[in-house]
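Undergrad: next one to model:
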Amino acid sequence: MNRKNATPDFFKPDYGLEHAGIKTNKTVYWNYSTPALYQEAVERQEANIVAGGPLCVSTGKHTGRSPNDRFFVETKDIEGKLFYNKSNKGIKPEFYEKIFAKVQAYVADKELFARDAYVGSSEASRLKVRAITECAWTNLFIKNMFIEPAKEELKSFVPEFTLICLPKMKVDPATDGTASETAILINFEKKMVLVIGSEYGGENKKALFTVMNYLLPQKGIMTMHCSANVGSKNDSAIFFGLSGTGKTTLSADVSRGLIGDDEHGWDAEGVFNFEGGCYAKVIKLSQEAEPQIYSTTHRFGTVLENVVFDPQTGKLDLDDDSLTENTRACYPLNFISNAVESERADHPKNIIFLTCDAFGVMPPISKLSPDQALYHFISGYTAKVAGTEKGVKEPTSTFSTCFGGPFMPLHPSVYAELLKKKIKEHNVDCWLVNTGWTGGPYGVGKRISIKYTRALLNAALDGKLAKVHFITDPVFGFQIPTECEGVPSEILNPANLWADKAAYMEKYQALAKSFIENFKKYEDGCSAEVLAAAPKVLAEAHK
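TA: Numbers count the residues shown, from 1 in each chain. Sure, this is the predicted structure:
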């Protein structure tokens, strides 16, 4: 690239890299623009420009997060606070220091890209973050995903947390206390995140999300792995759901303003987005079903991860999963036409818990009491189906605490109690929505029509559904509506669509049992009211 007019120091702050404990004898490119990062990424052979203008990258062997490689540094300030489980693991400070010394040596002769950003659209609680990356495209990923300070703010920017992403570096598990050559280390005492050995962009955003999930609840602010939108009457709604449940798709309703698609806080003023962008799955993306998200995959400024394209024409093949099923598009939030500019809204009127039930026994929609809502929030249920994960041949129950277990470092009850307080304080209606199968399990039944799911959601969000007649589910105790405009009444109760009613009850009771078994690990920290919201029939049979 012709750098005659390049100005790597133009947006360099007074507070430099030396404050993070690193330095390089090569160039540091500060807060580069999107076109400049494109040029750098292409010149360095990190990426290709494909049809329509996106920057397309391959992330190598890491096409998703590496949960076994993420560690919290066990410093004194976090003692007694972390909820240790298979997602939250500790590493001794001496290993961190050894690895950081290797980081210092590694970057000493590397060109680096530095970017300052905010995590959080609320000025009262946002986190000032500096991202230092060895790849230009990763810096563009950060630029898209988080909130850019005004240019006049950059000169005096002082980060509260620093993220260093070095995907080409490796650690040594034999000497560094890690599980592999990849390491994601979060150090609250040093206010540092290290992402080493993984090119997957999502590792960076999820690490910073985890930092927020540790810091903000201790200040009384609810943090959520959810999408959020708002209607014309300032009636916001939040959508909890694991990957594949429709969280991004259903919140991107053109009739409502999009606050954000993944990570939010809920404070005394209302709901606010943590991010400035979206990170959407694009495998088999349909232009007809999801036109706005589809359009971002053919637009300059979007970063595509592991999407297959024709090397001659640059034409994308969004149906090709040969690299991974977890293909992704990272783009600024304003690429969505109905995005809310402030990325904030008033307190929600409705909370939606999304599940993709592959057993065909959950109703398309049901109304939850506050305690039932907390039970389902802590459970975080969905199902895996054959082909989505190695070794999965039959539908399998899966639970992720608070619909974001790997990113929730505190005990689940901390988040649940904050949510309970918010629900009661603002009189929020809570709904469980199944976007999975009906009339039988995966392979026998069929997927619930998105047309019906949208109709049910719209009726819930505008208040109409709360006024119809409900029946009480005999196992889970939630309320099932008996009618909804635009939806056939017979599909509202899944039992109606099973020819073999005994087989239906067997599957339903098996699912209820899996809820009870999963919840045992959280019982000690939960209130009697939440425990009483467990499935009743099997709870009695189980004792």
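Undergrad: just confirm residue 194 is within a strand.
TA: Yes: read with DSSP: H, G, I helix; E, B strand; the rest coil, residue 194 is one of the residues of a strand.
Undergrad: around it, how many other residues sit close by?
TA: 26 (other CB atoms under 10 Å). All C-beta spots, glycine's among them, are computed from the backbone N, C-alpha and C.
Undergrad: for the stretch 301-450 of the chain, which segments count as helices?
TA: 370-379, 412-426, 450-461 (DSSP state H, counting those that start in this stretch).
Undergrad: quick check on residue 141: phi, psi?
TA: phi -60, psi -50 (degrees, to the nearest 10).
Undergrad: for it, give me its contacts.
TA: 201, 204, 205, 303, 330 (CB atoms under 8 Å, 6 or more residues apart in numbering).
Undergrad: how much space between it and residue 305?
TA: Distance of residue 141 to residue 305, given as CB to CB, to the nearest Å: 9 Å.
Undergrad: shared neighbours, the two?
TA: With CB under 8 Å, 6+ apart, residue 141 and residue 305 have common neighbours 201, 330.
Undergrad: tabulate the helices of the stretch 301-450 of the chain (a markdown table), appending mean neighbour count.
TA: As requested, the helices of the stretch 301-450 of the chain are arranged in a markdown table below (neighbours: other CB atoms under 10 Å):
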| stretch | mean neighbour count |
| --- | --- |
| helix 370-379 | 24 |
| helix 412-426 | 18 |
| helix 450-461 | 20 |
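Undergrad: looking at those helices, which is nearest to residue 99?
TA: helix 412-426 (29.2 Å; CB to CB).
Undergrad: what's that closest one packed up against?
TA: Other helices and strands packing on helix 412-426, by 3 or more CB pairs under 8 Å, 6 or more residues apart in numbering; DSSP states H and E, are strand 222-230, helix 370-379.
Undergrad: which outside residues touch that helix?
TA: By CB under 8 Å, 6+ apart, helix 412-426 touches 83, 213, 217, 220-224, 266, 347-349, 351, 370, 373-374, 377-378, 401-402, 408, 428, 430, 522, 525-526, 530.
Undergrad: quick one: closest of the helices of the stretch 301-450 of the chain to residue 47.
TA: Among those, helix 450-461 sits nearest to residue 47 (CB to CB), with 32.7 Å.
Undergrad: mean confidence score for that closest one?
TA: Helix 450-461 comes out with an average pLDDT of 94.
Undergrad: cool, and stretch 407-415?
TA: 92.
Undergrad: just the C-alpha atoms of the lengthiest helix in the chain, please, in PDB.
TA: Across the chain, the longest stretch assigned as helix under DSSP state H is helix 501-519. The C-alpha trace of helix 501-519 is given here as PDB (Å, rounded to 0.1, in the frame of the first residue of the first chain):
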ATOM      1  CA  LYS A 501     -50.800 -39.200  23.000                       C
ATOM      2  CA  ALA A 502     -48.900 -41.700  25.200                       C
ATOM      3  CA  ALA A 503     -45.700 -41.000  23.200                       C
ATOM      4  CA  TYR A 504     -46.300 -37.300  23.600                       C
ATOM      5  CA  MET A 505     -46.600 -37.500  27.400                       C
ATOM      6  CA  GLU A 506     -43.500 -39.800  27.600                       C
ATOM      7  CA  LYS A 507     -41.400 -37.200  25.700                       C
ATOM      8  CA  TYR A 508     -42.900 -34.400  27.800                       C
ATOM      9  CA  GLN A 509     -42.100 -36.000  31.100                       C
ATOM     10  CA  ALA A 510     -38.600 -36.900  29.900                       C
ATOM     11  CA  LEU A 511     -38.000 -33.300  29.100                       C
ATOM     12  CA  ALA A 512     -39.400 -32.200  32.500                       C
ATOM     13  CA  LYS A 513     -37.100 -34.600  34.200                       C
ATOM     14  CA  SER A 514     -34.100 -33.200  32.400                       C
ATOM     15  CA  PHE A 515     -35.100 -29.700  33.700                       C
ATOM     16  CA  ILE A 516     -35.200 -31.000  37.300                       C
ATOM     17  CA  GLU A 517     -31.800 -32.900  37.000                       C
ATOM     18  CA  ASN A 518     -30.200 -29.800  35.500                       C
ATOM     19  CA  PHE A 519     -31.500 -27.500  38.200                       C
END
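Undergrad: who does the helix or strand following that helix touch, helix- and strand-wise?
TA: Sequence-wise, the next helix or strand downstream of helix 501-519 (DSSP states H and E) is helix 528-531. Contacts defined by 3+ CB pairs under 8 Å, 6+ apart place helix 528-531 against helix 370-379.
Undergrad: ok, now with 10 Å
TA: Helices and strands touching helix 528-531, by 3 or more CB pairs under 10 Å, 6 or more residues apart in numbering; DSSP states H and E, are helix 370-379, helix 412-426.
Undergrad: what sits up against that helix?
TA: 369-375, 377-378, 413, 416-417, 420, 519, 522-523, 539 (CB atoms under 10 Å, 6 or more residues apart in numbering).
Undergrad: show me the residue sitting in the middle of the protein in space.
TA: residue 262 (4.6 Å; CA atoms, centre = their mean).
Undergrad: list the contacts of that residue.
TA: Per CB under 10 Å, 6+ apart, neighbours of residue 262: 145, 202, 205-206, 209, 224-228, 247-248, 251, 273-275, 277-280, 404.
Undergrad: pLDDT wise, what is it at?
TA: So, for residue 262, pLDDT stands at 90.
Undergrad: now residue 68: how far from residue 184?
TA: Distance from residue 68 to residue 184, by CB to CB: 10 Å.
Undergrad: cool, and residue 225?
TA: 17 Å.
Undergrad: and the pLDDT at the nearest residue in space to residue 73 that is not next to it in sequence?
TA: Closest residue to residue 73 apart from its sequence neighbours, by CB to CB, 6 or more residues apart in numbering: residue 187 at 4.0 Å. Predicted confidence (pLDDT) for residue 187: 98.
Undergrad: no further questions, thank you.
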